[in-house]
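[1] Quick one: sequence and predicted model below, then my questions.
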Amino acid sequence: MSEFEQLRERVVGVQFPGGTFVVEEYERWLSHDAMQSPALPDSVLHPVWILLGALRGMGMTIDELTAIADAGAHDGTMFGETELEQHRPLRTSVEYTVRGGVTDLVRKQSQRAGRMDLMTFRLELVEPSGEVAAVSQQTFIFPRRHGIHAQ
Amino acid sequence: MRSDYRAGDLLEPLKLVVDGPSMKVFSVLMRDPNPIHFDPAFVESLGLGDRTVNQGTISMAYPINALLRLVDDPGQLVRFRCRFQGNLVTGDIVTVTGAVTSVDDELVGFDLWVDREDGMRALTCSAELRR
C-alpha cells in the first residue's frame, strides 16, 4: 500500500469532536456589514454563516483539521471548493449542534502547482429540534511539493 | 422572485469594493489569526504586495448577495457551490455576473462569477433558488 493509500485509509471517515455554536445579534450586524449583505429579515443570518458556524462548532481548530492529513501552515493549505445546503435559514440566538467529519481524500497532479491532496469534510448544522437546518461541505487543498509531512 | 426566468437570462451585474476594515472584523469574529487579513507589512514580507488579502468567506458572500437580491425569502437559496481561483485584496473593485442555467417547476439554477477589474477571476459559483 502506497504512502497516500495509507493516509487515505486513516483519514477518510474520521469524525470531528463536534460541538455547538450560537450567533449573537451584534455578530450578525457586524458580519452582514462586513459582507456588504443586502438587508435580511430580523434574526436571519446570511447563508455564509453555514460555513462560519460549521467551522465554529466542529470542535477543532483549522490547524488541528489540517493536521489530520499530515499538513500544516507551512504547507500552504488553500480553500478549494465550498458547497452550502440551506434547508432553513440560520438565526441568531439559536444553539446549533455541529456534527460530521472527513468524507474524501483524493490526490491530483497539476502542471502548475504540482502534486496536491484534496480533503473534503461535511458538517451538518442541527437545530435544537433535531432537524438538520443546513450542511456545509468544504474541500481543502494541501500542496505536496515535498511529500507528506509527519506532524 | 421573478416567475419568468429562462435559461440564458443574465443577472444584473453587482459591483463591490473589497474593504480592508471588514477583514479585521472577520478576523476577530472568526478568531482567525492569519496576519495576511489585517497586517499590510506581513503581506509585504511575503512578497504579495502591500494590501491585505480578503477572507474567502467574505469573497463568497459577494455572489450570494447577488442572489439574495432576487428573492423575497433568503430561505429560497437552497444550494450554493463555489471554487476559489484567485485572491482579492483591499481596494479591488470586483463585479459579480451571472446567468440562468436551468428552470423547472421547483428550482432555478444559476452560474455566477466574481471577477477583478483586471480580468482575473476570483470565484466560479453555481446555485439553486427555490421558486
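    Thanks, I have it.

[2] Next one: A:Thr103 from chain B, what distance?
    15 Å (C-beta to the nearest C-beta, to the nearest Å). C-beta: built from backbone N, CA, C; applies to glycine.

[3] Work out for me the element that residue sits within.
    strand A:96-110 (DSSP states H and E).

[4] Quick check: what element follows that strand along the chain?
    Following strand A:96-110 in sequence, per DSSP H and E, is strand A:114-126.

[5] quick one on the thing from earlier: helices or strands next to the strand holding A:Thr103 in the packing?
    helix A:3-11, strand A:19-21, helix A:49-57, strand A:114-126 (3 or more C-beta pairs under 8 Å, 6 or more residues apart in numbering or on different chains; DSSP states H and E).

[6] Any idea which of those gets closest to B:Leu29?
    Judged by C-beta to C-beta, the one of the helices and strands packed on strand A:96-110 that comes nearest to B:Leu29 is helix A:49-57, at 7.6 Å.

[7] what about the following helix or strand past that closest one, distance to the chain center?
    Later in the chain than helix A:49-57, the nearest helix or strand by DSSP H and E is helix A:62-68. Chain-centre distance of helix A:62-68: 11 Å, with C-alpha atoms, centre = their mean, to the nearest Å.

[8] Same check on stretch B:109-126?
    Distance, centroid of stretch B:109-126 to centroid of chain: 8 Å (C-alpha atoms, centre = their mean).

[9] and if you look at stretch B:81-101?
    Taking mean C-alpha positions (C-alpha atoms, centre = their mean), stretch B:81-101 and its chain are 5 Å apart.

[10] quick one: average pLDDT of that stretch?
    Taken as a whole, stretch B:81-101 carries a mean pLDDT of 96.

[11] Buried ones in it, by neighbour count?
    B:81-82, B:84, B:87-90, B:92, B:94, B:96-98, B:100 (16 or more other C-beta atoms under 10 Å in any protein chain shown).

[12] so where do the helices sit in chain B?
    B:20-29, B:40-45, B:56-68 (DSSP state H).

[13] Which one, of the helices and strands packed on strand A:96-110, ends up nearest to B:Ser126?
    Once the helices and strands packed on strand A:96-110 are compared by C-beta to C-beta, helix A:49-57 is nearest, at 15.9 Å.

[14] Can you tell me the closest non-neighbouring residue to A:Ile62?
    A:Leu55 (7.3 Å; C-beta to C-beta, 6 or more residues apart in numbering or on different chains).

[15] For the one you found, the count of nearby residues, please.
    Neighbours of A:Leu55 under the rule other C-beta atoms under 10 Å in any protein chain shown: 21.

[16] What are the buried residues along the helix or strand bottoming out on mean pLDDT in chain B?
    Lowest by mean pLDDT, DSSP states H and E among the helices and strands of chain B is helix B:40-45, with a mean of 90. For helix B:40-45, burial by neighbour count (16+ other C-beta under 10 Å) applies to B:40, B:43.
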